[in-house]
Structure formats: structure tokens, C-alpha cells
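Student: All I have is the shape, not the residue letters:
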């Protein structure tokens, strides 16, 4: 049995496309927390920086040197403790940590009353995915899975070319990208 996310990338859209959230009651100024690894906060900070109605209230990373640098760079408080994210004033938490942490961190954030945007892959198993969806349903909070490359025109063009047989029979595809 396949379950779908009724709201797609809704949590990511909480700060990227707030106008698309007619069903979700949102505060005037959306407050987000970033749970990241290895100093990735600056990548996600840009989504907040473009919107006057949002701000990052906390950045969390287990690497103290990197989180200190990132917090200072974006002008946000920082911590190495995940528990502080749960206690924060964040309305939404963006989770971009190692895959084995996605389910545990997502469920904890939902149960703490926060909307969640989790990086792909959603979790390690279908059972973990179901548990995450159940937590979102139980808490009434939004859960979105952020698909970073989805909708990129080049990706769609390549998909169309593969479907048209331009490359012959494709058995494997490798891709490499970089953030600027």
C-alpha cells in the first residue's frame, strides 16, 4: 500500500511560497530552525533571506566550529544540542542531517509542535516513513519532503530526452551538482 503526502513539499513551501498555503494557518512572521550537518545552514538561509516575513531563530549542527561560523554569518543563534531545537520558538524545522536521523528528528519536531521539511530521502524504510506520516497526522502539523532538484528545467529536459530515446536504452544515470 502506498501512502502519499497530501501536501507535497508543504513544509518547505512554508517559507518559500507562503501564498500557496491557503489551508494552513501561519503566523505573520514565520520562524524557522535549521538542523544541518557540516555547515550547510548557508544553503537554506537563502530561502529565508528572500522573504521579509520569515527568519531563522536557531541553527543546530553537531560540529561546534561550523555551527558557530554559520550562526554568525547569518546572524542567528546557534546550538550543538538538538533538544534546543525542540524547545525553540521555531514554527518550522528544516532537517538536513544524515539519513538515519531523519525519522527520529522529524517525529520529535512534529511532537514538539513544529512543521517539518525533511531532506530526501524521507527515511531508511517504508515503516519509518509511515511512522513519520502518522506523527504528522496525529499532531496536525505539516510534513514535507524537500526534493531539491525537482522542477529544475535541465532535469526535465534530460528526462524528456531519455523518454524520446535520444540516448538509446538508459540503464544508469549519474549526476553531480554544486551549491553556489
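Tutor: Okay, I see it. Not measured: the values here are computed from a predicted model. Numbering: from 1, shown residues only.

Student: Assign residue 73 to one of the three secondary structure states.
Tutor: helix (DSSP: H, G, I helix; E, B strand; the rest coil).

Student: so how far is residue 88 from it?
Tutor: 19 Å (Cβ to Cβ, to the nearest Å). Heads up, the C-betas are built off the backbone N, CA and C, glycines and all.

Student: more neighbours, the two?
Tutor: Ranked by neighbour count (other Cβ atoms under 10 Å), residue 73 and residue 88 place residue 88 first, with 20 against 13.

Student: Ranking helices and strands of the chain by mean pLDDT, which lands last?
Tutor: helix 10-16 (a mean of 39; mean pLDDT, DSSP states H and E).

Student: Report the next helix or strand after that helix in sequence order.
Tutor: Going down the chain from helix 10-16, the next helix or strand is strand 30-36, by DSSP states H and E.

Student: Show me what that next one is packed up against.
Tutor: Where contact means 3 or more Cβ pairs under 8 Å, 6 or more residues apart in numbering; DSSP states H and E, strand 30-36 is packed against helix 10-16, helix 41-49, strand 54-60, helix 82-87, strand 92-96.

Student: Those: lowest mean pLDDT?
Tutor: Between those, the lowest average pLDDT goes to helix 10-16, which shows a mean of 39.

Student: In contact with residue 62, which residues are there?
Tutor: 37, 80 (Cβ atoms under 8 Å, 6 or more residues apart in numbering).

Student: and with 6 Å instead?
Tutor: Going by Cβ atoms under 6 Å, 6 or more residues apart in numbering, residue 62 touches residue 80.

Student: Nothing else from me, thank you.
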